[in-house]
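Engineer: What shape does this take:
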Amino acid sequence: MSQQQGRARGRARGRGRGATNEPAPRRPGTQAPQQGPPGVQVAQPMTGQGGVRPPMAAQGGPPMGAQYAVGQLMAAQGGPPMGAQYVVGPPIGAQVGPPIGAQAGPPMGAQYSVGQPMAAQGGPPMGVQYAVVPPIGAEGGAGQPMAAPSTGRARQRGGATARAPGAPPTSELEALTLGEKPGGGGARRRRGGVVVEEPHTRPGNLLNKKGTTGNKVSMITNFFKVKPKPQWVLFQYHVDFSPEVDHRKARIAMVYGQEALLGDTKLFDGMILFLPKRLENDQTVVYTKRKTDDADIRITITLTNEVPPTSPLCLQIYNILFRKFLKNIGMQEINRNYYNPGLKVAVERHKLEVWPGFVTSILQYESKTLLMADVSHKIMRTDTVLDLMYDLFHQHPRDFYEQATKMLVGEIVLTRYNNQTYRIDDISWEEHPSDKFRMSDGSDISFLEYYERQYNRKIEDKDQPLLLSRAKKKTKEGEVQILKLIPELCTLTGLTEEARKNFQVMKDIAVHTRITPDRRSATLQRFINQLNSNADVQKDMRGWQIEFDQNLLALEGRTLPKEKLFCRDGQDLDFKRESADWSRELRSRALLSTKPLKEWLLIFSKRDSQNASDFLRALCQVGPAMDMQIHNPMMVDIPNDRTDSYLRAMKQLIKPDVTQMVVCILGNPRKDTYDAIKKFCCVEHPVPSQVIVSRTLNKKPMLMSVATKIGMQLNCKMGGELWAVEIPLTSLMVVGIDVYHDSLTKGQSVGGFVASMNRHLTRWYSRCTFHQHSGQELIDGLKHCLVASLRHYQTINKEFPQRIIFYRDGVGDGQLEAVLEHELPQIIDTFKSVEGYEPKITFIIVKKRINTRFFARAGPGLQNPPPGTIVDDEVTRPEWYDYFLVSQSVRQGTVTPCHYNVVWDTSGLKPDHIQRLTYKLCHLYYNWPGTIRVPAPCQYAHKLAFLVGQSIHTSPSENLAQTLFFL
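Structural biologist: This next block holds a predicted model:
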């Protein structure tokens, strides 16, 4: 190995020497110098503790919220001075034992039980010493590691837990919520994220939610009928033990030993027993022996409930059973879904693998219980985290620690020996696989020995650092659990932001993930055939008396009429319905309304001067066809493309209330430069701005097309309009709301709020609101945004709108109840502040991330349904006023519809009217000359929230609120 390679390996291990900004190597237990990545403070080792290495503490406090048990301060008089030493007492509630992970639980490392924090909210004083508590002990006896709780993305969302063949899925049963939540119901959810019971929002007076407009279209969908036997019910029993049996696994073993009474088919979680048959007596008593002391145990089994097939509890049982079926056919659970590693496809050029799999759920729909199954793909890296760390050092040898922390913290990794996923919360440069921990039998073992013995995995690099992951689930004592992972045994999942921006990477992956309707339906058909032909699955299905239909569900949809678009001349834009794109038809048409571009800046570096001249020439050529007056700008030639060069030029040359637009050409797409320009133009010196990456202007044959699109954007950002669609309703305001998580401030989210200001819904007023974890802050902010929008509408139209339709995006699974109970009532309450004002209100939840798919029949094959296709029956929910809309056209793969749920409606509009208005709004997004997947106000709200959350991190100036400055 060369000297340079040796240094690279040493740096990745956290022990290398040679880089000036790196800490020097040190032996375990010796004092670490106070340096590391910016904002990260390395905890000091304990004096006289003989080699205890505390993990690196992020932000100056314990790592990832770890809490340490600390004894009394020695001779403390009135509080610990800086650098005081502590006598460390025994850990609070700690159990000595091995790392997690035996029995296919997660260890890439030991799980630690830690006591109470020394100092709340702010961490310990500088210099305070910690003792790390040994790993938690096992339930399985001496020397056996404890089975870990499934963490799945470190969030308990369905990680795999091995169990003996035929054993009950007890971990899934533990997630069942029996009965209502304290304090008034809520969504019941099974482990894995399938919400089987949602709030009832369908208006009582709505007898029929189906529309009638449009032509009928014959389709099939990715659903299969679930067919229980006629008159079938599920029997629920409560099981008591006398004397009490504390150990849950022992209780399960005792009940499963009663096969003569209960039969082979049953589910038991230690307290609740489910059977597909009714026992002879409502209360049955049996006896058994306890193996540990041969004591007699009385088991009383009491019938408590008869559960019909359509009940939420029965649906949860169906979903638990189906997960077992998927394992029976050889699929492996990763995160919340199941994948088949045997069919993985290598993308060797990019060191990636594509694992095919399925997303599934069983729910009650309009008149049937249906299995939804959709094709899913998991993108996996083939190189390890340690390989990435080595590569990173070669790229950034001087600031390697900082870059490694930035690249890895927050990422999701997979441990291939047990297919568990974890979130990396920190890196412990002070700990290594050669370190030891104590097993439950009192013996010490290193991570090296443990993994070779338990998983037959030999760790080559003995000095690499450890990755730290904070488990979502705490111990019974409420203590934080910290998992320690070996980089050499971890691979990153998903794609990095850098990979997503790489066109070639996305193109190569799309070959395997973008599946046509024909291929998707054939894959689903093979999937159900495999289930129906597997002997183990069939045995369980016969025992529970259920079966799945052999064919995909057929249904009828409707295709809405093509919408009429017009520009300034009033003539229709005659575009092809199938493509839903009118870019060609728009080229020679005057835009609906334009703003003359007179006072503007064009800023560029010296090396982009030719691109700037070419762009200006093309923009002036395409302007007249759009009826845009484009005057010559002030050409600003800056010496380089550094951020401060752009800011200095803008600060000197922008004239308040005179400059209409700032256009900046960037030599390279640096995010920090883009963010600085946007913050300057949106907050400090409010003026519409346009940032163009230089390479966009390099393709000269495409320059006229690029200039046309940029010209339209400039017009919108100054307050112009491009096209319009016929809107029959008058005195109408449409509001779009979306939420985006701020990339800079942890826990902070940005709410984007956009409201229409004119009859044609082409002019918009926008505001944003910030909130931390509290939903109340979002509600208060939205109320202020709504009041400001109403006042602005009144100023323009001389009246308040008589009808307001809200499209609320960004509502995740399980959040519907919070919107209904808190957000919606307070928004409605806002109108009471205006005396005598009672508008008609419609509130619609928009959901984009769904797995429902529709395939239209085309002769012997299948194709995507045309834009404007509505489905409002069969696969909608009986407790909702909901519908699906396919509004866009896609050139590759299968189109994804959007789901709309009308949760409040006093408008008096028919279902047809609401469906058609929604489709009309999908034509009005000015950043794309075609229909989009969601209504334009939703997309505008998302663009606003994204800009603020990614780049500005504060409220934009109100001077820009009347324009689409965020496009």
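Engineer: what does stretch 945-956 contact?
Structural biologist: By CB atoms under 8 Å, 6 or more residues apart in numbering, the residues outside stretch 945-956 that reach it are 671, 674-675, 678-679, 682-683, 686, 738-745, 749-752, 767-768, 770, 965-966. No exception for glycine: its C-beta is placed from N, CA and C like everyone else's.
Engineer: same for the longest helix seen in the chain, what does it pack against?
Structural biologist: In the chain, taking DSSP state H as the definition, the longest helix is helix 775-797. Helices and strands touching helix 775-797, as assessed by 3 or more CB pairs under 8 Å, 6 or more residues apart in numbering; DSSP states H and E, comprise strand 732-741, strand 749-756, strand 764-771, helix 824-830.
Engineer: one more time with 7 Å, if that's ok
Structural biologist: Secondary-structure packing of helix 775-797 (3 or more CB pairs under 7 Å, 6 or more residues apart in numbering; DSSP states H and E): strand 749-756, strand 764-771, helix 824-830.
Engineer: Between the ones you listed, which one is closest to Leu392.
Structural biologist: Closest to Leu392 of the helices and strands packed on helix 775-797 is strand 749-756 (CB to CB; 30.6 Å).
Engineer: The closest one pairs with which strands, parallel or anti?
Structural biologist: Partners of strand 749-756 in the sheet, by DSSP bridges, are strand 732-741 (antiparallel), strand 764-771 (antiparallel).
Engineer: Closest to the centroid, which residue in the protein?
Structural biologist: In the chain, the centroid-proximal residue (CA atoms, centre = their mean) is Gly812; its distance is 9.0 Å.
Engineer: and that residue, what does it touch?
Structural biologist: Not one residue lies near Gly812 by CB atoms under 7 Å, 6 or more residues apart in numbering.
Engineer: Where does it sit: helix, strand or coil?
Structural biologist: At Gly812 the chain is in coil, as set by DSSP: H, G, I helix; E, B strand; the rest coil.
Engineer: What of Thr292?
Structural biologist: When classified by three-state DSSP, Thr292 comes out as coil.
Engineer: in the stretch 551-700 of the chain, which spans are helices?
Structural biologist: 583-586, 609-622, 643-653, 671-679 (DSSP state H, counting those that start in this stretch).
Engineer: Serialize those helices to TSV and add fields for distance to Glu402.
Structural biologist: Below are these laid out as TSV (distance: least, CB to CB, whole Å):
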stretch	distance to Glu402
helix 583-586	44
helix 609-622	34
helix 643-653	19
helix 671-679	15
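Engineer: right, and these - which one's nearest Ser957?
Structural biologist: Per CB to CB, nearest to Ser957 of the helices of the stretch 551-700 of the chain: helix 671-679, 10.8 Å.
Engineer: pLDDT averaged over the closest one - what is it?
Structural biologist: The average pLDDT for helix 671-679 rounds to 93.
Engineer: For it, C-alpha coordinates in CSV please.
Structural biologist: What follows is helix 671-679 as a C-alpha-only set of coordinates in CSV (Å, rounded to 0.1, in the frame of the first residue of the first chain):
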residue,chain,number,x,y,z
LYS,A,671,-26.7,26.5,-4.2
ASP,A,672,-25.1,29.0,-1.8
THR,A,673,-24.9,31.6,-4.7
TYR,A,674,-28.5,30.9,-5.7
ASP,A,675,-29.7,31.2,-2.1
ALA,A,676,-27.8,34.5,-1.6
ILE,A,677,-29.2,36.1,-4.7
LYS,A,678,-32.8,35.0,-3.9
LYS,A,679,-32.6,36.2,-0.3
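Engineer: Could you give the backbone dihedrals for the residue nearest to Phe575 when sequence neighbours are not counted?
Structural biologist: Spatially, and ignoring its direct neighbours in sequence, Phe575 is nearest to Trp582 (3.7 Å; CB to CB, 6 or more residues apart in numbering). Per-residue torsions, Trp582: phi -120, psi 30 (degrees, to the nearest 10).
Engineer: how close does Trp582 sit to Trp928?
Structural biologist: The span separating Trp582 from Trp928 equals 10 Å under the rule CB to CB, to the nearest Å.
Engineer: Give me the more crowded residue out of the two.
Structural biologist: Using other CB atoms under 10 Å as the criterion, Trp582 and Trp928 rank with Trp582 on top: 20 against 14.
Engineer: what ranges do the helices span in the stretch 201-350 of the chain?
Structural biologist: 248-256, 259-262, 312-328.
Engineer: Alright, that wraps it up for me.
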